[in-house]
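Visitor: following is a predicted model, sequence given first.
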Amino acid sequence: MGRVYGRTMRAARVLSSLFAFTLVAGFGTRAHAQAPAQVVVREGSSTTLDERYDEERKRGFELAARGDLNDAERAFGNAASLKKSLPEPRYLLGEVRRRNGKLADAAADFKAAMSLAATGKQKEFYAKALAALAVTFERMGELQQARDMWIKAVKFADDNPTGPLTADVARSRVQAIDLVFEREHVYINVRQRIQDRERIAEAAKAP
């Protein structure tokens, strides 16, 4: 089973590279949950909450564009803390964490962004977070969860034909994952037949 698991992980990485797909995140291209950093707005400050949010958001974009992902993560985390009801900063935080290899954290952020977007009926960020979560699951090797998200994306795209998600892209990902599963199933069956033949051969040698 260790060899099968290793092949599945390699297949997941190949799948992700062959069908690369990301969404526009403002700074990027169409990539154990930790709470975003807390930002304290001092009483009497001349800077309003909206201004602080815009500053942190802008700083996050600039830092991410320079490749300073750790500081960008902090900036978007600050923005998410300032505007807890908005899906955008949590989505952007997830994108930075995914680029920084923090896949479990990114997945938690995308789930949170989806929930916030659904509550606020913000379809654009729901679609972005949904696709980003599916891609993140692929990178984690969680292909069944990735497939489930892509199936959900197909339905969302069909229901929202003018939205940022296209059903064709989501369906192609489902098909690619199914192909990986089919190949793994064939491999497991072949290995089982080989083991059966080896047992029969060993039994025949027995006195």
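Guide: Sure thing, it's come through.

Visitor: average pLDDT across the one helix or strand His185 maps to?
Guide: His185 belongs to helix 167-205 when assigned by DSSP states H and E. Across helix 167-205, pLDDT averages out at 78.

Visitor: just stretch 141-153 next, same as before
Guide: On average, the pLDDT along stretch 141-153 is 94.

Visitor: please apply the same query to stretch 100-117.
Guide: On average, the pLDDT along stretch 100-117 is 97.

Visitor: just the buried residues of stretch 113-122, please?
Guide: Neighbour counts over stretch 113-122 (16 or more other C-beta atoms under 10 Å) mark Ala113, Met114, Leu116, Ala117, Gln122 as buried. (C-beta placed from N, C-alpha, C; glycine too.)

Visitor: ok, the nearest residue to the third one once chain neighbours are set aside - contacts?
Guide: In this case it means Leu116. Leaving aside its sequence neighbours, Leu116 sits nearest to Pro87 (C-beta to C-beta, 6 or more residues apart in numbering; 3.9 Å). Contacts for Pro87 (C-beta atoms under 8 Å, 6 or more residues apart in numbering) come out as Ala112, Ala113, Met114, Leu116, Ala117, Gly120, Gln122, Phe125, Tyr126, Ala129.

Visitor: about what we covered before: closest to Gln195 among the buried residues of stretch 113-122?
Guide: Closest approach between the buried residues of stretch 113-122 and Gln195, by C-beta to C-beta: Met114, at 43.3 Å.

Visitor: if I look at the closest one, how far off is Glu62?
Guide: For Met114, the distance to Glu62 equals 26 Å [C-beta to C-beta, to the nearest Å].

Visitor: chain center to the helix or strand containing Ala113, what's the gap?
Guide: For Ala113, the host element (DSSP H and E) is helix 103-120. Remark: helix 103-120 is offset 10 Å from the chain centroid, using C-alpha atoms, centre = their mean, to the nearest Å.

Visitor: I would like the residues contacting that helix, please.
Guide: With contacts defined as C-beta under 8 Å, 6+ apart, helix 103-120 is touched by 32-34, 85-88, 90-91, 93-95, 97-98, 122-126, 128-130, 132-133, 136-137, 139-140.

Visitor: now do the helices in this protein.
Guide: With DSSP state H as the criterion, the chain has helices at 2-18, 49-65, 69-82, 87-99, 103-120, 123-140, 143-159, 167-205.

Visitor: winner for burial among those helices?
Guide: Greatest average neighbour count among those goes to helix 87-99 (a mean of 27), per mean count of other C-beta atoms under 10 Å.
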